[in-house]
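J.: Below is the sequence, then the predicted model.
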Amino acid sequence: DAGITQSPRHKVTETGTPVTLRCHQTENHRYMYWYRQDPGHGLRLIHYSYGVKDTDKGEVSDGYSVSRSKTEDFLLTLESATSSQTSVYFCAISEGGNGIQYFGAGTRLSVL
Amino acid sequence: KQEVTQIPAALSVPEGENLVLNCSFTDSAIYNLQWFRQDPGKGLTSLLLIQSSQREQTSGRLNASLDKSSGRSTLYIAASQPGDSATYLCAVFTGTASKLTFGTGTRLQVTL
């Protein structure tokens, strides 16, 4: 998976609890992305980062925040998880903003 | 807003058959188009990237074409094999940088 590690791989949590997903890369790529994948919707961009401390919103950013304090780590936080955030979350990286994106193996999150 | 459509949603073919997967997009002002493969429970693997100035790209038994003016791309798979069974996703990079818009994919099954 191109030097991308997502953790945890699976998580079950309860509504209202905070959750943080981690993406770690060893490729030193500038761009990092968080997507969610849901049946019937395909992959949708949540947030992305174009450098350390530089982030921007995607199309489904409500209820999510991100942080990037180091080149290699991009964290996705659900401040207060809801059942609608049950999904598979993918991290991706790319060297350039419009280049090939390489994906991690995903995190399956269930919010009960 | 860019929209990406993939038809058919699912396809089953016998081994050895040549096949075509279709992708259409609504906004022709794209930087590039990417085809990905996703195996069940896995992340996405990049197959081909076509720049907006290119007409096609080839990798082994895969050939992707792009007709930007009509908003269409096709992925041609020659001599299909059971190992080609997966979901194939098309994604376009449009307008503002760093954002891919994905189709919902075509689920391909190649039978013996």
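T.: Structure's in. What do you need?
J.: C-alpha from now on. contacts and neighbour counts both.
T.: Noted.
J.: How about the least confident helix or strand in chain B by mean pLDDT and chain A, touching?
T.: Every helix and strand of chain B was ranked by mean pLDDT, DSSP states H and E. The lowest is strand B:100-102, at a mean of 92. Yes: for strand B:100-102 and chain A, the contact criterion (CA under 8 Å from any CA of the partner chain) is met by B:100, B:101, B:102.
J.: In JSON lines, list those residues along with distance to residue A:92 and neighbour count.
T.: Shown next, in JSON lines, are those (distance: CA to CA, whole Å; neighbours: other CA atoms under 10 Å in any protein chain shown):
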{"residue": "B:100", "distance to residue A:92": "11", "neighbour count": "24"}
{"residue": "B:101", "distance to residue A:92": "14", "neighbour count": "22"}
{"residue": "B:102", "distance to residue A:92": "14", "neighbour count": "26"}
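J.: check contacts around residue B:58.
T.: B:48, B:64 (CA atoms under 8 Å, 6 or more residues apart in numbering or on different chains).
J.: So it versus residue B:64, what's the distance?
T.: Distance, residue B:58 to residue B:64, using CA to CA, to the nearest Å: 6 Å.
J.: shared neighbours of the two, which are they?
T.: Common contacts of residue B:58 and residue B:64 (CA under 8 Å, 6+ apart): residue B:48.
J.: How about residues contacting the helix or strand containing residue B:64?
T.: Assigned by DSSP states H and E, residue B:64 falls within strand B:62-67. Strand B:62-67 is contacted by residues B:33, B:48, B:50, B:52, B:54-58, B:72-78 when judged by CA under 8 Å, 6+ apart.
J.: coming back round to it: for the least confident helix or strand of chain B, packing partners?
T.: strand A:42-51, strand B:86-94 (3 or more CA pairs under 8 Å, 6 or more residues apart in numbering or on different chains; DSSP states H and E).
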